[in-house]
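**Student:** Build me a structure from this.
(chains A and B)
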Amino acid sequence: MSVLVRVQAEPIDLAGLLAFVQAPSLGGVAVFLGTVRDHHAGRAVVRLEYEAYPEMAEAEMRKIAEEARARFHVARVAVAHRTGPLAIGETSVAVAVGSEHRKEALEGCRYVIDTLKRTAPIWKREVYGDGAAWIEGEG
Amino acid sequence: MQVEVLYFASLREQVGRGQETLELDSDLDLEALWALLVRRHPALSGFPRPLAACDREYATWDRKLRGVREVAFLPPVSGG
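**Tutor:** Alright, predicted model coming up:
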(Lines give C-alpha, C1' and ligand atoms only; values in the text may rest on other atoms or scores of the structure.)
Protein backbone atom coordinates (compact mmCIF):
# COMPACT_ATOMS: atom_id res chain seq x y z
CA MET A 1 0.00 0.00 0.00
CA SER A 2 1.67 3.23 -1.14
CA VAL A 3 -1.13 5.80 -1.33
CA LEU A 4 -3.25 7.12 1.55
CA VAL A 5 -6.18 9.44 0.78
CA ARG A 6 -8.65 11.03 3.18
CA VAL A 7 -11.49 13.53 2.90
CA GLN A 8 -12.53 14.17 6.47
CA ALA A 9 -14.39 16.47 8.84
CA GLU A 10 -11.94 15.73 11.67
CA PRO A 11 -8.61 17.55 12.08
CA ILE A 12 -5.80 16.13 9.94
CA ASP A 13 -3.48 13.71 11.73
CA LEU A 14 -0.18 15.02 10.36
CA ALA A 15 1.90 12.57 12.40
CA GLY A 16 -0.10 9.72 10.86
CA LEU A 17 0.49 11.03 7.32
CA LEU A 18 4.23 11.40 7.99
CA ALA A 19 4.47 7.90 9.44
CA PHE A 20 2.75 6.58 6.30
CA VAL A 21 5.32 8.09 3.90
CA GLN A 22 8.44 7.27 5.94
CA ALA A 23 10.43 4.06 5.49
CA PRO A 24 14.05 2.96 6.01
CA SER A 25 14.61 2.92 2.23
CA LEU A 26 13.32 6.48 1.73
CA GLY A 27 15.69 9.40 2.27
CA GLY A 28 13.37 12.34 1.62
CA VAL A 29 9.93 13.47 2.76
CA ALA A 30 8.30 16.64 1.40
CA VAL A 31 5.23 18.14 3.05
CA PHE A 32 2.80 20.85 2.01
CA LEU A 33 0.24 22.22 4.46
CA GLY A 34 -2.55 24.53 3.36
CA THR A 35 -3.64 26.80 6.20
CA VAL A 36 -6.74 28.93 6.62
CA ARG A 37 -5.74 32.54 6.04
CA ASP A 38 -7.34 35.53 7.80
CA HIS A 39 -7.84 37.60 4.64
CA HIS A 40 -8.60 37.30 0.94
CA ALA A 41 -8.47 40.05 -1.68
CA GLY A 42 -8.22 42.72 1.01
CA ARG A 43 -11.16 41.41 3.01
CA ALA A 44 -11.00 39.98 6.53
CA VAL A 45 -12.00 36.31 6.63
CA VAL A 46 -13.58 34.96 9.84
CA ARG A 47 -13.55 31.26 8.87
CA LEU A 48 -13.79 28.94 5.88
CA GLU A 49 -16.35 26.25 5.14
CA TYR A 50 -15.35 23.42 2.82
CA GLU A 51 -17.80 21.26 0.92
CA ALA A 52 -16.70 18.14 -0.97
CA TYR A 53 -18.15 15.49 -3.21
CA PRO A 54 -16.35 13.07 -0.93
CA GLU A 55 -16.41 9.85 -2.97
CA MET A 56 -15.26 11.58 -6.15
CA ALA A 57 -12.75 13.79 -4.31
CA GLU A 58 -11.12 10.69 -2.81
CA ALA A 59 -11.09 9.01 -6.23
CA GLU A 60 -9.50 12.09 -7.86
CA MET A 61 -6.94 12.45 -5.08
CA ARG A 62 -6.04 8.78 -5.42
CA LYS A 63 -5.62 9.23 -9.19
CA ILE A 64 -3.39 12.30 -8.63
CA ALA A 65 -1.27 10.44 -6.06
CA GLU A 66 -0.80 7.50 -8.46
CA GLU A 67 0.16 9.93 -11.26
CA ALA A 68 2.74 11.51 -8.96
CA ARG A 69 4.20 8.07 -8.23
CA ALA A 70 4.43 7.27 -11.94
CA ARG A 71 5.76 10.66 -13.12
CA PHE A 72 8.20 11.51 -10.35
CA HIS A 73 9.07 7.99 -9.16
CA VAL A 74 8.08 8.80 -5.60
CA ALA A 75 7.41 5.82 -3.36
CA ARG A 76 4.62 6.95 -1.07
CA VAL A 77 1.98 9.66 -1.09
CA ALA A 78 -0.43 10.66 1.68
CA VAL A 79 -3.02 13.38 1.11
CA ALA A 80 -5.84 14.60 3.35
CA HIS A 81 -8.41 17.38 2.94
CA ARG A 82 -10.83 18.76 5.52
CA THR A 83 -14.54 19.44 5.08
CA GLY A 84 -16.90 21.59 7.12
CA PRO A 85 -16.10 24.77 9.08
CA LEU A 86 -12.43 25.62 9.70
CA ALA A 87 -11.03 28.34 11.93
CA ILE A 88 -8.19 30.68 10.96
CA GLY A 89 -4.87 28.87 11.25
CA GLU A 90 -6.27 25.36 10.88
CA THR A 91 -4.81 23.00 8.28
CA SER A 92 -7.27 22.50 5.41
CA VAL A 93 -5.10 20.25 3.27
CA ALA A 94 -1.93 18.22 3.83
CA VAL A 95 0.26 16.43 1.29
CA ALA A 96 3.20 14.25 2.31
CA VAL A 97 5.43 12.51 -0.21
CA GLY A 98 8.24 10.08 0.55
CA SER A 99 10.93 9.08 -1.93
CA GLU A 100 14.53 7.95 -2.11
CA HIS A 101 15.82 11.47 -2.79
CA ARG A 102 14.64 15.00 -2.05
CA LYS A 103 14.22 16.22 -5.64
CA GLU A 104 11.47 13.76 -6.53
CA ALA A 105 9.80 14.24 -3.14
CA LEU A 106 9.60 18.03 -3.64
CA GLU A 107 8.45 17.77 -7.27
CA GLY A 108 5.91 15.09 -6.46
CA CYS A 109 4.52 17.10 -3.54
CA ARG A 110 4.11 20.18 -5.70
CA TYR A 111 2.41 18.16 -8.44
CA VAL A 112 -0.09 16.68 -5.98
CA ILE A 113 -1.16 19.99 -4.39
CA ASP A 114 -1.25 21.92 -7.70
CA THR A 115 -3.32 19.22 -9.41
CA LEU A 116 -5.63 18.72 -6.41
CA LYS A 117 -6.46 22.43 -6.46
CA ARG A 118 -7.41 22.22 -10.15
CA THR A 119 -9.38 18.98 -10.21
CA ALA A 120 -10.54 17.65 -6.81
CA PRO A 121 -14.28 18.36 -6.40
CA ILE A 122 -13.99 20.47 -3.25
CA TRP A 123 -15.27 24.02 -2.73
CA LYS A 124 -14.52 26.71 -0.19
CA ARG A 125 -16.90 29.29 1.14
CA GLU A 126 -15.38 32.33 2.78
CA VAL A 127 -17.22 33.75 5.76
CA TYR A 128 -16.67 37.46 6.47
CA GLY A 129 -17.87 39.63 9.32
CA ASP A 130 -20.81 40.75 7.19
CA GLY A 131 -21.56 37.91 4.78
CA ALA A 132 -20.13 34.94 2.92
CA ALA A 133 -19.22 33.90 -0.61
CA TRP A 134 -18.43 30.69 -2.49
CA ILE A 135 -15.03 30.81 -4.10
CA GLU A 136 -15.18 29.36 -7.61
CA GLY A 137 -12.05 28.41 -9.46
CA GLU A 138 -8.54 28.01 -8.18
CA GLY A 139 -7.50 30.63 -5.62
CA MET B 1 -33.92 4.73 -16.28
CA GLN B 2 -33.42 6.22 -12.83
CA VAL B 3 -30.53 8.62 -12.34
CA GLU B 4 -29.36 10.30 -9.15
CA VAL B 5 -28.53 13.94 -9.87
CA LEU B 6 -26.22 15.69 -7.41
CA TYR B 7 -25.56 19.42 -6.97
CA PHE B 8 -22.72 20.96 -5.01
CA ALA B 9 -21.76 24.27 -3.39
CA SER B 10 -23.36 27.32 -5.07
CA LEU B 11 -25.34 25.05 -7.43
CA ARG B 12 -26.80 23.17 -4.47
CA GLU B 13 -27.88 26.47 -2.94
CA GLN B 14 -29.49 27.63 -6.20
CA VAL B 15 -31.42 24.39 -6.59
CA GLY B 16 -32.31 24.29 -2.89
CA ARG B 17 -31.27 20.64 -2.52
CA GLY B 18 -28.20 18.51 -3.02
CA GLN B 19 -29.77 15.51 -4.67
CA GLU B 20 -32.78 14.37 -6.66
CA THR B 21 -33.74 11.14 -8.39
CA LEU B 22 -35.05 11.54 -11.93
CA GLU B 23 -36.57 9.15 -14.46
CA LEU B 24 -34.68 9.90 -17.68
CA ASP B 25 -34.27 8.58 -21.21
CA SER B 26 -30.96 6.73 -21.55
CA ASP B 27 -30.38 8.38 -24.95
CA LEU B 28 -30.20 11.79 -23.30
CA ASP B 29 -26.74 13.33 -23.16
CA LEU B 30 -25.44 15.64 -20.43
CA GLU B 31 -26.06 18.76 -22.49
CA ALA B 32 -29.74 17.83 -22.90
CA LEU B 33 -29.98 16.88 -19.22
CA TRP B 34 -28.57 20.27 -18.17
CA ALA B 35 -31.12 22.03 -20.44
CA LEU B 36 -33.88 19.98 -18.81
CA LEU B 37 -32.63 20.85 -15.32
CA VAL B 38 -32.50 24.57 -16.13
CA ARG B 39 -36.19 24.36 -17.14
CA ARG B 40 -36.96 22.44 -13.95
CA HIS B 41 -34.99 24.83 -11.71
CA PRO B 42 -35.24 28.35 -13.19
CA ALA B 43 -32.67 29.60 -10.63
CA LEU B 44 -30.06 27.74 -12.71
CA SER B 45 -30.76 29.75 -15.85
CA GLY B 46 -28.37 32.55 -14.94
CA PHE B 47 -25.64 30.06 -14.12
CA PRO B 48 -22.61 29.48 -16.35
CA ARG B 49 -22.60 25.86 -17.49
CA PRO B 50 -20.80 23.92 -14.74
CA LEU B 51 -18.52 20.87 -14.88
CA ALA B 52 -20.19 17.49 -14.98
CA ALA B 53 -19.29 14.05 -13.67
CA CYS B 54 -20.80 10.62 -14.37
CA ASP B 55 -20.37 7.98 -11.69
CA ARG B 56 -17.69 10.06 -10.00
CA GLU B 57 -15.52 10.79 -13.04
CA TYR B 58 -15.41 14.00 -15.06
CA ALA B 59 -17.44 13.67 -18.25
CA THR B 60 -17.88 15.65 -21.45
CA TRP B 61 -21.21 17.19 -22.43
CA ASP B 62 -21.88 14.69 -25.22
CA ARG B 63 -21.78 11.78 -22.74
CA LYS B 64 -25.00 9.71 -22.92
CA LEU B 65 -26.74 8.62 -19.73
CA ARG B 66 -26.93 4.96 -20.74
CA GLY B 67 -25.45 2.89 -17.91
CA VAL B 68 -24.85 5.92 -15.68
CA ARG B 69 -26.29 5.83 -12.15
CA GLU B 70 -25.07 9.13 -10.71
CA VAL B 71 -24.60 12.48 -12.44
CA ALA B 72 -23.08 15.41 -10.57
CA PHE B 73 -22.92 19.07 -11.55
CA LEU B 74 -19.92 20.89 -10.15
CA PRO B 75 -19.08 24.60 -9.98
CA PRO B 76 -15.40 25.41 -10.69
CA VAL B 77 -13.50 23.77 -7.83
CA SER B 78 -11.67 25.72 -5.12
CA GLY B 79 -10.20 23.19 -2.70
CA GLY B 80 -6.79 23.43 -1.10
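
**Student:** Could you use CA atoms for every contact and neighbour count after this?
**Tutor:** Will do.

**Student:** what ranges do the strands span in chain B?
**Tutor:** Per DSSP state E, chain B carries strands over the ranges B:2-7, B:19-23, B:51-54, B:57-59, B:70-74.

**Student:** now those in CSV, with mean neighbour count and mean pLDDT?
**Tutor:** What follows is the strands of chain B, written out as CSV (neighbours: other Cα atoms under 10 Å in any protein chain shown; pLDDT from 0 to 100):
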stretch, mean neighbour count, mean pLDDT
strand B:2-7, 18, 98
strand B:19-23, 12, 98
strand B:51-54, 20, 98
strand B:57-59, 16, 98
strand B:70-74, 22, 98
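
**Student:** export those to CSV and tack on distance to residue A:71?
**Tutor:** CSV is the format used below for the strands of chain B (distance: least, Cα to Cα, whole Å):
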stretch, distance to residue A:71
strand B:2-7, 33
strand B:19-23, 37
strand B:51-54, 25
strand B:57-59, 21
strand B:70-74, 28
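
**Student:** For residue A:25, find the nearest of the ones you listed.
**Tutor:** Nearest of the strands of chain B to residue A:25, taken as Cα to Cα: strand B:57-59 at 34.7 Å.

**Student:** Excluding chain neighbours, give the residue nearest to residue 20 in space.
**Tutor:** Since no chain was named, I'll use chain A. Counting by Cα to Cα, 6 or more residues apart in numbering or on different chains, residue A:20 lies nearest to residue A:78, which is 6.9 Å off, once chain neighbours are set aside.

**Student:** my question was about chain B
**Tutor:** In space, residue B:20 is closest to residue B:5, 5.3 Å off (Cα to Cα, 6+ apart).

**Student:** Now do that neighbour against residue A:102, distance only.
**Tutor:** 44 Å (Cα to Cα, to the nearest Å).

**Student:** okay, which residue is most central for the chain?
**Tutor:** In the absence of a named chain, this looks at chain A. By Cα atoms, centre = their mean, the mean C-alpha position of chain A lies nearest to residue A:93, the distance being 3.3 Å.

**Student:** my question was about chain B
**Tutor:** Residue closest to the mean C-alpha point of chain B, counted by Cα atoms, centre = their mean, is residue B:73 at 3.9 Å.

**Student:** doesn't residue B:50 make contact with that one?
**Tutor:** Yes: at 6.2 Å, residue B:73 counts as touching residue B:50 under the criterion of Cα atoms under 8 Å.
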